[in-house]
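**Q** how would this look folded up:
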Amino acid sequence: MKSHTAYLTFQTSKRRDLIRITEEVKRIVQESGIQEGLCLLSSMHLTASVIIQDDEEGLHQDIWEWLEKLAPFKEDYRHHRTGEDNGDAHLKNLLTHLQVVIPITKGKLDLGPWQEIFYAEFDGQRRKRVVVKVIGI
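**A** As a prediction, the model looks like this:
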């Protein structure tokens, strides 16, 4: 069994953002040389997520509206008593995914026809990372 680790770094100009990272992850899998295995992508921050979704702008807007309804930005989260103002970002992370695992078959990500990988930022404007761990043979 082999493993390969890489990191993607983000610093968004906006507080929230959705960034398609499929091509970068494909490149990392190719660099790994692994033909059969798994690719784990994990946000190293609790106010961001990695998700797999369709790359369609209307759906992206629907996702943001849904997240805002379930975990709205507001001032009275208990978490804010610590001096933070990102309680909603932590809850949005819980609603999406901290990490995803994608199969690798014949040296390529085994994604469905409309599946794309995204980094979802809920409390941006500072440097954050995603770890990409490829394991297999």
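
**Q** need the contact list for the spatially most central residue of the chain.
**A** Residue closest to the average C-alpha location in the chain (Cα atoms, centre = their mean): V50, at 1.6 Å. If you count contacts by Cβ atoms under 8 Å, 6 or more residues apart in numbering, V50 has them with 21, 41-43, 97-100, 117-120, 130. Just so you know, the C-beta spots here come from the backbone N, C-alpha and C atoms, and that holds for glycine as well.

**Q** Least confident of those residues?
**A** Across the set of these, H97 stands lowest in pLDDT, at 87.

**Q** Residue most distant from the centroid, the chain?
**A** Most peripheral residue of the chain (Cα atoms, centre = their mean): R81, 27.2 Å.

**Q** Now that residue, what are its backbone angles?
**A** Backbone torsions of R81, given as degrees, to the nearest 10, read phi -70, psi -10.

**Q** mind checking pLDDT for it?
**A** Reading off the model, R81 has pLDDT 94.

**Q** Against D123, how distant is it?
**A** Note on R81: its distance to D123, by Cβ to Cβ, to the nearest Å, is 17 Å.

**Q** got the end-to-end distance for stretch 96-115?
**A** 15 Å (Cα to Cα, to the nearest Å).

**Q** cool, and stretch 14-26?
**A** Start-to-end, stretch 14-26 (Cα to Cα) is 26 Å.

**Q** Same question for it: list its buried residues.
**A** The neighbour-count check on stretch 14-26 (16 or more other Cβ atoms under 10 Å) flags R16, D17, L18, I19, I21, T22, E24, V25 as buried.

**Q** And stretch 102-118, by the same measure?
**A** Those would be I102, I104, L109, E116, I117, F118, for stretch 102-118 by 16+ other Cβ under 10 Å.

**Q** from those residues, which ones fall inside helices?
**A** Counting by DSSP state H, these place none of their members in helices.

**Q** how about the residues you listed, which pair is most distant?
**A** Within the buried residues of stretch 102-118, two members stand farthest from each other by Cβ to Cβ: I104 and F118, at 18.9 Å.
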